[in-house]
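# 3D, please:
(chains A, B, C and D)
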2 protein chains.
Amino acid sequence: MRPARSQLPPDDRPPPGLRERKKIKTREAIRAATYALIEEQGYDATTIDQIADRAEVSPSTVFRYFPAKEDIVLTDESGSLMVEELRARPAGEPWTDSVRHVMHRAVDAMTAGDPDVVRVRAHLAARVPAVRSRMIESMSRTGRLLREALAERSGPAADSLEVRVYATALVGALMEVTMAWAENGFQDDPRGMMDRALDVLEHGLPTGKP
Amino acid sequence: MRPARSQLPPDDRPPPGLRERKKIKTREAIRAATYALIEEQGYDATTIDQIADRAEVSPSTVFRYFPAKEDIVLTDESGSLMVEELRARPAGEPWTDSVRHVMHRAVDAMTAGDPDVVRVRAHLAARVPAVRSRMIESMSRTGRLLREALAERSGPAADSLEVRVYATALVGALMEVTMAWAENGFQDDPRGMMDRALDVLEHGLPTGKP
DNA sequence: TTCGAGATGAGAGTGACTCCCGAATCCACG
DNA sequence: CGTGGATTCGGGAGTCACTCTCATCTCGAA
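This is a model prediction of the structure:
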């Protein structure tokens, strides 16, 4: 409803036209309406019609902007960003460090923005299966993108089983960190949690009996 | 449609009653009809009504037997089985060996049964998002069950981030092995693939530069 | 045989999502 | 300016998965 302050990337170029600006506004309106309704009634009780009403658009328009109801509450963007980030790391850097850096950035992206929105989103990802599925699906896509960049840095080929497993484990770690963070009331330090997760993936589970 | 020969567990006890036998038959009929229709038309083009028609039941009955369309093609059972299996391992055994054993069993379960059915199922898991989501969801549940058994054997607590990440990585590995196996035309040895996947989780990605 | 519990079929209803078409709106061009 | 072409929007009809209800039927135990 109210204008979004651009917190992350300060808009480089001026607004390109009235049409584009309207589209962005509509998109924001739909999202805002959705978050508001979900906080009032819960996810399942919130229908597309209600969202359309509050956003003052038609139900058709809602689907023109978002392919599915779950997608309204998800942001994404992370996928290609992580890959670029990984490619941009200095060539000499050990690949585990590069990965760690990128995963930190992913955690940052996950936890940035309006705290209320972050909270609701994490909550939905934890409780609503449909939303969780979409998020996992999106992360899988990220994992697939990661393979190539990962293969460039480490040893094996991009489509080798080893790289596939590792990439999937990375996105799984991102998910677990997010979930655990949400379940613990958003108190712990997400980057520290990610470090612990990455330690597990690099060295295996810490065991009591060496 | 035609009677299912019990391939896996030879029925220990005699049939407990006509009612139960009918239920099993109906369940099989619905499944068989579904697989047949999917092979003819594809998943999306197959409706519940068509399935009900071919299985000679009402649409209501289909939903009485399966909570959702995707569940008709999935088998599951694996979750609690894996946990029992893990608990049953000898106490002295290194926990990595126990895990490896259990994951082998999981792969076996995934690849057992009618090869046609296995093929179609793997194909659907790879191509149809809804089916894949369900499968992942089911695997996540397995992962949650694994935590406790995993914690008993290794060092950290069951709800620690470390165990969560590792358990998720395990089910992720199971998924990648299944997918990669399906994508390669079911030619490779699934247990060998699982071994390679577990090596990655135990020691990290193999790197060209030691 | 009878009686109760569980299984089934039929129907109405909901909600997400698609398709289509006519009307309104914006943008570039003359 | 203003006009033509392209986008965008609203609205309506339609599909399909899934839920709920209720009457009917069938099995199984007494």
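# Just the helices from chain A, written as ranges.
Using DSSP state H, the helices of chain A run over residues A:18-41, A:48-55, A:59-65, A:78-87, A:95-111, A:115-127, A:129-153, A:161-183, A:190-203.
# Which one of these lies nearest to residue B:101?
helix A:161-183 (18.3 Å; CB to CB). Quick note: C-beta positions are derived from backbone N, CA and C, even for glycine.
# Could you state which residue of chain A sits nearest its centroid?
residue A:76 (4.5 Å; CA atoms, centre = their mean).
# Next up, the contacts around that residue.
With contact set as CB atoms under 8 Å, 6 or more residues apart in numbering or on different chains, residue A:76 has these partners: residue A:138.
# Enumerate the positions of stretch A:48-67 that are buried.
Using 16 or more other CB atoms under 10 Å in any protein chain shown as the test for burial, stretch A:48-67 gives A:48, A:50, A:51, A:52, A:54, A:55, A:57, A:62, A:65, A:66.
# Same question for stretch A:126-138.
Buried, per 16+ other CB under 10 Å, within stretch A:126-138: A:128, A:131, A:132, A:133, A:134, A:135, A:136, A:137, A:138.
# quick check, nearest of those residues to DNA strand C?
residue A:134 (9.2 Å; CB to the nearest atom of the strand).
# Find the residue closest to the closest one in space, skipping its chain neighbours.
Distance criterion CB to CB, 6 or more residues apart in numbering or on different chains; nearest residue to residue A:134, sequence neighbours excluded, is residue A:70 at 4.3 Å.
# what does residue A:179 give?
residue A:126 (5.6 Å).
# try residue A:153
Using CB to CB, 6+ apart and skipping the chain neighbours, the partner closest in space to residue A:153 is residue A:95 (3.7 Å).
# In contact with the one you found, which residues?
So residue A:95 contacts A:150, A:153, A:154, B:205, B:207 (CB under 8 Å, 6+ apart).
# out of the buried residues of stretch A:48-67, who's near DNA strand D?
Residues of the buried residues of stretch A:48-67 in contact with DNA strand D (CB under 7 Å from any atom of the strand): A:57, A:65.
# out of the buried residues of stretch A:48-67, which one sits closest to DNA strand C?
Nearest to DNA strand C among these is residue A:48, at 3.7 Å by CB to the nearest atom of the strand.
# so how far is residue A:57 from the closest one?
Distance, residue A:48 to residue A:57, by CB to CB, to the nearest Å: 11 Å.
# Kindly report the same for residue A:65.
Counting by CB to CB, the separation of residue A:65 from residue A:57 is 8 Å.
# so what sits against both of those two?
Joint contacts of residue A:65 and residue A:57 (CB under 8 Å, 6+ apart) are A:26, A:30.
# Spell out which parts of chain A neighbour DNA strand C.
Residues of chain A lying close to DNA strand C by CB under 7 Å from any atom of the strand are A:17-20, A:22, A:46-49, A:59-60, A:63, A:67-70.
# Looking at those, spot the one nearest residue A:197.
Nearest member of the residues of chain A next to DNA strand C to residue A:197, counting by CB to CB, is residue A:70, at 25.1 Å.
# Quick check: the closest one vs DNA strand D, distance?
14 Å (CB to the nearest atom of the strand, to the nearest Å).
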